[in-house]
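K.L.:
build me a structure from this.
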Amino acid sequence: MSNRVFILGAGFSASAGLPLVPDLSRACLQALQVRDQQDFGLLLRTMQKFFPDTSWSRQWLPNIEDFLDRVIAYEDLFQRHIVVYPEGYLRNIRRLTSVGLCLALTIPPESCNMMAINNFVTKTLKPGDAILTFNWDLL
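P.N.:
Here you go, the predicted structure:
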């Protein structure tokens, strides 16, 4: 067969220095901590409220996908039908999480190990090949 299909998983992005999903909560909070202590504290307290065993000192953090699922579910339930949180609170938590993730995932090119990617593109891929990926990042 002249055309091939490559399936790329998280290991491909990790080799370039990007965090895997289990590391995203930590990376998000660290980025906010550097940028703004108040935003860091608000997001951490919200994680602790939604996932009581969350601990920054022990690095026990919820999976970022589970956390955002819960934020969206709570926003649906507790701001439209039963008002539990102040107006805009959960929207702000989503915004803070997005900002933290963007900061954490914006890695300067000089910090990335681009050799793995360059080798794959220049030495392995041929015209007509296809790539399937389940990676969440822009790689």
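K.L.:
would residue 13 count as being in a helix?
P.N.:
Yes: per DSSP: H, G, I helix; E, B strand; the rest coil, residue 13 lies within a helix segment.
K.L.:
give me the neighbour count for it.
P.N.:
Neighbours of residue 13 under the rule other Cβ atoms under 10 Å: 21. Where you see a C-beta, it was placed from the backbone N, CA and C, and this is true even at glycine.
K.L.:
the helices in the protein, which residues?
P.N.:
10-14, 24-35, 37-50, 64-78, 89-105, 115-119 (DSSP state H).
K.L.:
just these: most buried one?
P.N.:
Comparing those on average neighbours per residue, with mean count of other Cβ atoms under 10 Å, the densest one is helix 24-35 at a mean of 20.
K.L.:
with only the CA atoms kept, save that one in PDB.
P.N.:
The C-alpha coordinates for helix 24-35 follow below in PDB (Å, rounded to 0.1, in the frame of the first residue of the first chain):
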ATOM      1  CA  LEU A  24      -3.600  19.800  33.200                       C
ATOM      2  CA  SER A  25      -5.200  20.800  36.500                       C
ATOM      3  CA  ARG A  26      -1.800  21.300  38.100                       C
ATOM      4  CA  ALA A  27      -0.500  23.200  35.000                       C
ATOM      5  CA  CYS A  28      -3.600  25.400  34.900                       C
ATOM      6  CA  LEU A  29      -3.300  26.300  38.600                       C
ATOM      7  CA  GLN A  30       0.400  26.900  38.400                       C
ATOM      8  CA  ALA A  31      -0.100  29.200  35.500                       C
ATOM      9  CA  LEU A  32      -2.700  31.200  37.400                       C
ATOM     10  CA  GLN A  33      -0.600  31.200  40.600                       C
ATOM     11  CA  VAL A  34       2.300  32.900  38.700                       C
ATOM     12  CA  ARG A  35      -0.100  35.400  37.100                       C
END
